[in-house]
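Engineer: Kindly return the folded structure for what I paste below:
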Amino acid sequence: MYLSSTELSIAELAAALTTRDLSDPAQGPHAMQLVLDNVVHHLTRHWRIPAEVHRHSPLVATSDNYDRLGYQPDDVTRDTRYSRHVSPTVMLRSHTSAGIPALLDGLANELDPYDTLHVLPGLVYRRDAVDRTHVGTPHQVDLWRVKARGLLTDGDLHDLAAAVVDAVLPSAQCRTVPARHSYTSHGLQIDVRVNGEWLELAECGLIRANILQASGLDPRRWCGLALGMGLDRALMLRKGIPDIRLLRSTDPRVTSQLQDLDPWRTVSVMPPVRRDLSIVCAPDVDDETLGDAARSALGEDADILESLTVRALTPAAELPDAVVVRLGMRADQANALVRVTLQPLERTLTDAEANALRDRLYVALHQGTVMELTRG
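Structural biologist: As a prediction, the model looks like this:
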């Protein structure tokens, strides 16, 4: 039965820490590394500055993930329903920006002129929705140009945005729209136009003075640009990959295409199987929390889950008494109608297999006292 938890179990932590980082050459070649290399080389050539790549442990102090980056105590991103905590003070990073405070701390004694691109790539860990563009362990990169004895302006920020788009999607139409971030000012969201649709590629801004000051850097001397980008989306847009699960596929028809940045060649996938669940749950569940619980419930079979969507959520007080009794609900619970789409990438599910997976999900997500299983 699904129960929310604010801290990871040992098994969940071990699974998270052994997930392959596709952006890391030390863990085997992958096209994601080519996208990242293109961006870094493009920026260092454009600015004529060096780059330093930092690969930190994904286990970080909660204060580095939030407080030292300017997040407020009531920011929704801090909600433990959406993050992965190991203890009250340690968590799996929810963004690669969590490595920035320690990086800036290390510059406090730098007295010479300084201008360097800092690159922080890797996995981040979230309780996220399940669909063709979201996973619980996406890849991200932070690109921070940190400079002493100089000035970086809005013009440099737009220059950064244009250079990153050119490196990821050469010749793509792009635009910037204002965005707010806790650790930048003059924030921008960078969108690209793909197949007639505007899609977000990255966000950026000027480093806020208080972030520099917290690391002992005088903002009268130090300044910088900060950009964060999802590497999964960047690679999918570059190659035209339709499903994020393909990035980790072991199918030779897929893996052979994940060694370069050539356009994606369609690989036939198996037909989807849909199952609808009527579950009893907490009144504040959503696609993200149920999606994360579903992934955990399926374990090694999680890649079969193509999507999970909450189609309706009704509190017990708004349901007929007969329905409340039939579902075994308490007054403080709700009834969620959930649609699950199962679609293996490499084989066809039998009805029996689909029903067994449906029942595993039902048992994991349902919090009522009455069970409705296909196996009877």
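Engineer: In this structure, where's the longest helix?
Structural biologist: Ranked by number of residues, the top helix in the chain under DSSP state H is helix 31-47.
Engineer: Walk me through the domains of the protein.
Structural biologist: Annotated domains of the chain cover 10-239, 273-365 [automatic domain parsing].
Engineer: Check which helices and strands the longest helix of the chain is in contact with.
Structural biologist: strand 51-53, strand 114-123, strand 139-148, helix 154-168, helix 231-239 (3 or more CB pairs under 8 Å, 6 or more residues apart in numbering; DSSP states H and E). Placement of C-beta: from N, CA and C, glycine included.
Engineer: Now it - C-alpha only, PDB.
Structural biologist: The C-alpha coordinates for helix 31-47 follow below in PDB (Å, rounded to 0.1, in the frame of the first residue of the first chain):
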ATOM      1  CA  ALA A  31      25.200  10.900 -27.300                       C
ATOM      2  CA  MET A  32      24.300  13.100 -24.300                       C
ATOM      3  CA  GLN A  33      28.100  13.700 -23.700                       C
ATOM      4  CA  LEU A  34      28.400  15.000 -27.300                       C
ATOM      5  CA  VAL A  35      25.600  17.500 -26.700                       C
ATOM      6  CA  LEU A  36      27.400  18.700 -23.500                       C
ATOM      7  CA  ASP A  37      30.800  18.800 -25.200                       C
ATOM      8  CA  ASN A  38      29.300  20.900 -28.000                       C
ATOM      9  CA  VAL A  39      28.000  23.500 -25.600                       C
ATOM     10  CA  VAL A  40      31.200  23.700 -23.500                       C
ATOM     11  CA  HIS A  41      33.500  23.900 -26.500                       C
ATOM     12  CA  HIS A  42      31.200  26.500 -28.200                       C
ATOM     13  CA  LEU A  43      31.200  28.700 -25.100                       C
ATOM     14  CA  THR A  44      34.900  28.500 -24.400                       C
ATOM     15  CA  ARG A  45      35.800  29.300 -28.000                       C
ATOM     16  CA  HIS A  46      33.300  32.100 -28.100                       C
ATOM     17  CA  TRP A  47      34.500  33.700 -24.800                       C
END
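Engineer: what's the angle between it and strand 139-148?
Structural biologist: Calculated by axes from the mean of the first three to the mean of the last three CA atoms, to 10 degrees, helix 31-47 forms an angle of 20 degrees with strand 139-148.
Engineer: quick revisit: output the helices and strands packed on helix 31-47 as TSV; include the columns mean neighbour count.
Structural biologist: Converted to TSV, the helices and strands packed on helix 31-47 look like this (neighbours: other CB atoms under 10 Å):
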stretch	mean neighbour count
strand 51-53	13
strand 114-123	20
strand 139-148	23
helix 154-168	19
helix 231-239	23
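Engineer: which stretches of the stretch 201-350 of the chain form strands?
Structural biologist: 222-230, 273-281, 305-315, 334-342 (DSSP state E, counting those that start in this stretch).
Engineer: Mean neighbour count, those strands: which tops it?
Structural biologist: Sort the strands of the stretch 201-350 of the chain by mean neighbour count, taking mean count of other CB atoms under 10 Å, and strand 222-230 sits at the top with a mean of 23.
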